[in-house]
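*Asks:* generate a structure from the sequence data that follows.
(2 chains)
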There are 2 protein chains.
Amino acid sequence: MTDLAQALFAPRAVALVGASGDAKKNTARPQRFLARHGYAGAVLPINPTRAEVQGAKAYKSVADAPPPVDHAFIMIPEVEQALEDCGRRGVAVASIFSDGFADVGPEGAARQARLVARARELGVRLLGPNSMGVIDIPGRLALTVNAVLEMDALPAGGASIVSQSGTMLGTVLSRGAARGFGFAKLVSVGNEADLGVGELVELLAADADTRVILLFLETVRDAERLAAAARRAHAAGKPVVAYKLGRSALGERLARSHTGALAGSDAALDAYFRDCGILRVDMLETLIEIAPMVAGRAPPRRGAARGAPRVAVVTTTGGGAASVVDRLGLSGIETVAPGRDAPIIDLTMAGTSAQYAATLASLIDSPECDAVLAVVGSSAMFHPQHAVEPILGAPRTAKPLAAFLTPHAEQSLALLARADVAAFRTPEACADAFRAYFEWRAPRSIPVERIDLRIKEKKFNEKSSLDLFASLGIETAASQVARAPDFAHSLPYPVAAKILSAEIAHKTEAGGVVLGIGNEVEFRDKVKKLNSSEILIQAMHDGLAEAIVGYRDDPMVGPLALVGAGGVMAEIYKDVVLALAPVSVEEAEDMIARVKGFAVLRGFRGLPRGDLRALARTLSALSRLALLPGRPVAEAEINPVIVKRTGAVAVDGLVLTKA
Amino acid sequence: MTDLAQALFAPRAVALVGASGDAKKNTARPQRFLARHGYAGAVLPINPTRAEVQGAKAYKSVADAPPPVDHAFIMIPEVEQALEDCGRRGVAVASIFSDGFADVGPEGAARQARLVARARELGVRLLGPNSMGVIDIPGRLALTVNAVLEMDALPAGGASIVSQSGTMLGTVLSRGAARGFGFAKLVSVGNEADLGVGELVELLAADADTRVILLFLETVRDAERLAAAARRAHAAGKPVVAYKLGRSALGERLARSHTGALAGSDAALDAYFRDCGILRVDMLETLIEIAPMVAGRAPPRRGAARGAPRVAVVTTTGGGAASVVDRLGLSGIETVAPGRDAPIIDLTMAGTSAQYAATLASLIDSPECDAVLAVVGSSAMFHPQHAVEPILGAPRTAKPLAAFLTPHAEQSLALLARADVAAFRTPEACADAFRAYFEWRAPRSIPVERIDLRIKEKKFNEKSSLDLFASLGIETAASQVARAPDFAHSLPYPVAAKILSAEIAHKTEAGGVVLGIGNEVEFRDKVKKLNSSEILIQAMHDGLAEAIVGYRDDPMVGPLALVGAGGVMAEIYKDVVLALAPVSVEEAEDMIARVKGFAVLRGFRGLPRGDLRALARTLSALSRLALLPGRPVAEAEINPVIVKRTGAVAVDGLVLTKA
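*Replies:* Okay, here's the model as predicted:
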């Protein structure tokens, strides 16, 4: 254990700055909770007006407390003074419950910046501000103000959680405890002024008690460090699972105002999580329920060629099984019953517990399914021996086994939790977990080498944008700039003519584009009407369909590649796929395969097939903007790429630099 | 109470056919459960080999039991004999647990048909076969084999449920009991050989104990009767809420094989529920959690003009509130904080319970929100006085008030249940309930008069289809049939030419369509290549976009109108809207407003606006096929309708009759 981890999770002594003797106050809680849950270290209440708090000797300041003090929990508004005292006493970590920092606007953010700078000088690491604290169940540390810790018995388990919401510590602890599901470490990161989610994931990746790392996120403040930590966790065989708010535009707005964080586009984060090997769950309860399903397991080894993932379902209730199967289908997951005619194996009335056990064993062994789901009906409440116990006794393999219990059956859930079998309370969370599991991939290795291409322009127009694309190896439409007064060019007709300017963003809407000019007479006429001194003349290209290919250096997650169907329909249906850039041609093909609208290029309704490999080459090439020295490009877009039976041609695009 | 309702829910005596004295057997359960839950009527075990079962005198057959026997529960394979005995004893209702009927294929279905026919002769109404039985909590009738009834105390409440899955009775009862949420009547309908969901909803609409009717459905077998029953329930002020399986294609397949029922298209059922005034929930737990939110309330009065629905959120946990708000946003529901700058009202640390109560009262009173959500964090577990009690004391109005509790807090949930406040365990079910509530509409009044238009054709080709559309008042493209050898016609060029045939379904893919023929010479050439003796010649129409308009007499729910964006993209994205036919022009406009792809006709990105009113007239006119005497049309489709700046023209279509 590092010194930091020891001070954070297993301090020899903790100072409670602002500890109260009034049991009704929040500030009385940490001392009470530490006692209740059996913390073995020294508890040092800091209170300048009392000699004793809750039966323990109190000290005027942290500086007055007897050394060693590894960890201080600061609950008073005068955080700066408390930090100075921590520095004097050699405190390694100060967790700050107090708010009034980045959570309250620009002035608070400035106060927070000053606090962090001073903490660095003093050698004190900070958790928070606005943190609910730290809990280590096996270590019996309950250093928190969360009211849920009034509970007596907290089961220990292999799941640890890092949360940007302090309330969620209580939420997952209490919900887990009710069903025998235990935790290892729980951390509320608050404003992440110093210790962030990424660094905590690093600590947990190295933590002996932690088998799976859960994240409750409202934003991502340290994408690079979290990505590296996720890789480290993956290498250590510890899956990382995230529940992240901000899926809707409204949610994004709320995430911003709630924590003072800059939340980015949700699609970008989706790509980021996927490429970092982080599973993303859609439902809150899935975050804890999925833990035993992935703990100790690797991402599923499945090629796109292998078709839809297959879950075998054995059940004692047809309706209960159907409620999960129905949702699995919505995620493109198939239900199979190896060796049987029906879609599920229904042992409702027929099955003895021996039959149930034998069926489970054969499914776990069968190469014809990728996971097994056991659904148990009313018997789960009072007769666990019937169908729950056979699940407890089922063989453990690399293939996930999960249970969904239809009645209220906390004892059966606890039996399953103790046996480390993933058990679900709702069909929706169950299906969500299978979806997340099957979408889980090992972290992608993103190239970081630089390519030998320097750009000098600060501003790009369409011509120079296309030239840059061509220099990346992208096939672009033949283009020439024609200038007043004669607008001479040497391209064969038909051609397209466009106003050449970096200023007009939507040229088509602005009437700045003329397509299909058939001859010189028409050309003279149209060009005059464009009323511009510089015109871009381009060869016309016909193809099967249009695509949009993009690049964006996202302020939150860094370089991204994007591909989608072209035209307004794709925009209306938001049918685009993102990945961290750069992507290889193979990775680009995988992205393209996930764009629904490209069905028209994959033989839908007998339509001719387009050259999606060529489109993938274009996407991969554009994504290499991430490798330019200094990453000068903020955004680049080719819209459209015309996809043909053979080949794909960039006909229009724009580059925006960061300058 | 009708005689049927009395015999079903409040029988003076029940006969248990096949009652066992072996406590381990399913067939021992009903007798035990009736005793445990305090049934006051006579319990008559029927067992030919015993004189006494579980301490009660047993009879050889129902015919031997002392009258009156209102209700028999049949658990033996010899159902037919038991039915004869019921007939002899004048039993009003026989509930049949035994399976082996429509649930096992065509032979079983034939057996079931014979059983029903005989029951009619005998004057015995049937519940099932394959039914788990009937439960009436206030009436203390637990006539079921469901294992969950081993529970001691079942809270009574105003929600009744009709379920096509017997297991679900135990699921909702046990989950409800754990949190103080009670039920009135619960019925497992099994195969619905006689008593179906529709008739049961009728009974519950008239039931004094029932305030809200919940449906767990795998299919709909009696759409007309259920629609009428839903209207009756609406008139009685009792909302009907459905959770229906079969949303995915796979789920549909399972629903079919599971109950021997013919499951129809999910989109058709969605339209059906909506137009019948039935709320449809997406998540299983929402089915019970939503009950207090709608009981005693009417559908929200909201015009499309009023914009997005608005929910005001007050919370003691930012993260917990955000988890709901995020999902509300995904359903297009806005979060508002009347009189405040932030999107939610966060009283996490600041709020006293008096402040919480005052805030709630002001929100419930505010005209600036349509519903109120109170989110409670960790305090809900041990300190209900802090934020839960203010919710209990909040004023009750027509505006829905709901609570989401983030920790495991069954006592607080029970307090809320007793106060009849909708309380949610998960953010997802909470958001699902708000979505269902805001989508809730009063039952539409569907015209049933007949129009004076008779069709003689059994088969329609494109010309006769267009003629039928024109006779319904739809603007169609000028069309003429041209015949070999000279293919004379009098339409001005440009024209389109199409092979005229009722046999070739996808003419475009088959090369049977030529568009934009500019003159006579081109016409001769193209027509020769079509290689057909009859050609349809049509005026060419240019427009802003294409639409598809359809009509279908669905085998499950009856006549439906459909509208969607034209072209393959709309097909790929499944962007169509359905409603029960016929629809008025105003209703058609409402449907069109829900088609995403028509954004291109609504001014998206500055594109010119199309004449959606004209498209609505076309849709409304086609939907009137539902009013043809004898409803001879099985399907009709106009594809495409060309939508212009002014007007909309049907250029292609087909009619299929039932003959």
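*Asks:* residue A:475 reaches residue A:644, doesn't it?
*Replies:* No: the pair formed by residue A:475 and residue A:644 falls short of the contact definition of C-beta atoms under 8 Å, at 10.1 Å. C-beta coordinates here come from the backbone N, C-alpha and C atoms, glycine included.
*Asks:* element containing the residue minimising distance to the centre of chain A, please.
*Replies:* Ranked by distance to the mean C-alpha position of chain A (C-alpha atoms, centre = their mean), the top residue is residue A:273 at 3.8 Å. Residue A:273 belongs to helix A:266-275 when assigned by DSSP states H and E.
*Asks:* dump that helix to CSV, keeping only the CA atoms.
*Replies:* The C-alpha trace of helix A:266-275 is given here as CSV (Å, rounded to 0.1, in the frame of the first residue of the first chain):
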residue,chain,number,x,y,z
ASP,A,266,-22.2,12.5,-24.0
ALA,A,267,-21.4,10.7,-27.3
ALA,A,268,-17.8,11.7,-26.9
LEU,A,269,-17.7,10.2,-23.4
ASP,A,270,-19.3,7.0,-24.7
ALA,A,271,-16.5,6.6,-27.2
TYR,A,272,-14.0,7.4,-24.5
PHE,A,273,-15.3,4.8,-22.0
ARG,A,274,-15.5,2.2,-24.7
ASP,A,275,-11.9,2.8,-25.9
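*Asks:* so what touches that helix?
*Replies:* The contact list for helix A:266-275, computed with C-beta atoms under 8 Å, 6 or more residues apart in numbering or on different chains, reads A:220, A:223, A:227, A:242, A:244, A:246-247, A:252, A:279-280, A:439, A:441, A:443-444, A:446, A:552, A:554, A:556-557, A:560, A:576-580.
*Asks:* what do you get if the cut-off is 6 Å, keeping everything else the same?
*Replies:* Around helix A:266-275, the neighbours that count as contacts under C-beta atoms under 6 Å, 6 or more residues apart in numbering or on different chains are A:242, A:246-247, A:280, A:444, A:554, A:557, A:560, A:578-580.
*Asks:* strands - which of those residues land there?
*Replies:* The strands in this structure, assigned by DSSP state E, contain A:242, A:280, A:554, A:560, A:578-580 from the contacts of helix A:266-275.
*Asks:* which helix in chain A has the most residues?
*Replies:* helix A:106-122 (DSSP state H).
*Asks:* average pLDDT for that one?
*Replies:* Mean pLDDT, computed over helix A:106-122, is 97.
*Asks:* how far off centre is that helix?
*Replies:* Distance, stretch centre to chain centre, for helix A:106-122: 28 Å (C-alpha atoms, centre = their mean, to the nearest Å).
*Asks:* hmm, who's touching it?
*Replies:* By C-beta under 6 Å, 6+ apart, the surrounding residues in contact with helix A:106-122 are A:87, A:100-102, A:126, A:193-194.
*Asks:* pull out the buried positions in it.
*Replies:* Within helix A:106-122, the residues that qualify as buried by neighbour count (16 or more other C-beta atoms under 10 Å in any protein chain shown) are A:108-109, A:111-112, A:115-116, A:119, A:122.
*Asks:* list the contacts of stretch A:339-356.
*Replies:* Defining contact as C-beta under 6 Å, 6+ apart, one finds that stretch A:339-356 is touched by A:313-316, A:318, A:321, A:335, A:337, A:359, A:386-387, A:390, B:254, B:257.
*Asks:* any idea which of these is least confident?
*Replies:* In terms of pLDDT, the weakest of these is residue B:257, which scores 30.
*Asks:* hang on, the earlier thing: between the contacts of helix A:266-275, which sits nearest residue A:600?
*Replies:* For these, the residue nearest residue A:600 by C-beta to C-beta is residue A:578; the value is 21.0 Å.
*Asks:* which residue packs closest to the closest one, ignoring adjacent ones?
*Replies:* In this structure, residue A:578 finds its nearest non-sequential neighbour in residue A:271, 3.8 Å apart by C-beta to C-beta, 6 or more residues apart in numbering or on different chains.
*Asks:* next, count neighbours for the one you found.
*Replies:* Close neighbours of residue A:271, defined as other C-beta atoms under 10 Å in any protein chain shown, add up to 22.
*Asks:* so how far is chain B from it?
*Replies:* Distance from residue A:271 to chain B, counting by C-beta to the nearest C-beta, to the nearest Å: 19 Å.
*Asks:* now swap in residue A:466 and tell me
*Replies:* Computed with C-beta to the nearest C-beta, the distance linking residue A:466 and chain B is 23 Å.
*Asks:* who's in contact with that residue?
*Replies:* Counting by C-beta under 6 Å, 6+ apart, residue A:466 makes contact with A:476, A:479.
*Asks:* for the following helix or strand past the longest helix of chain A, which outside residues touch it?
*Replies:* Toward the C-terminus, helix A:106-122 is succeeded by strand A:125-127 as the next helix or strand (DSSP H and E). Around strand A:125-127, the neighbours that count as contacts under C-beta under 6 Å, 6+ apart are A:93-95, A:119, A:193-195.
*Asks:* show me the helices in the stretch 151-300 of chain A, by range?
*Replies:* For the stretch 151-300 of chain A, the helices defined by DSSP state H, counting those that start in this stretch cover A:167-177, A:197-205, A:223-235, A:249-259, A:266-275, A:286-289, A:291-294.
*Asks:* whoops, I mixed them up, the stretch 1-150 of chain A
*Replies:* Using DSSP H, counting those that start in this stretch, the helices found in the stretch 1-150 of chain A span residues A:3-9, A:29-36, A:79-89, A:106-122.
*Asks:* tabulate the ones you listed in CSV, adding columns for distance to residue B:348.
*Replies:* Shown next, in CSV, are those (distance: least, C-beta to C-beta, whole Å):
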stretch, distance to residue B:348
helix A:3-9, 24
helix A:29-36, 15
helix A:79-89, 18
helix A:106-122, 16
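*Asks:* residue A:382: which of those helices is closest?
*Replies:* Of all those, it is helix A:29-36 that lies closest to residue A:382, at 32.8 Å by C-beta to C-beta.
*Asks:* average model confidence for that closest one?
*Replies:* 97.
*Asks:* buried sites along that helix?
*Replies:* With burial defined by 16+ other C-beta under 10 Å, the residues of helix A:29-36 counted as buried are A:29-31, A:33-34, A:36.
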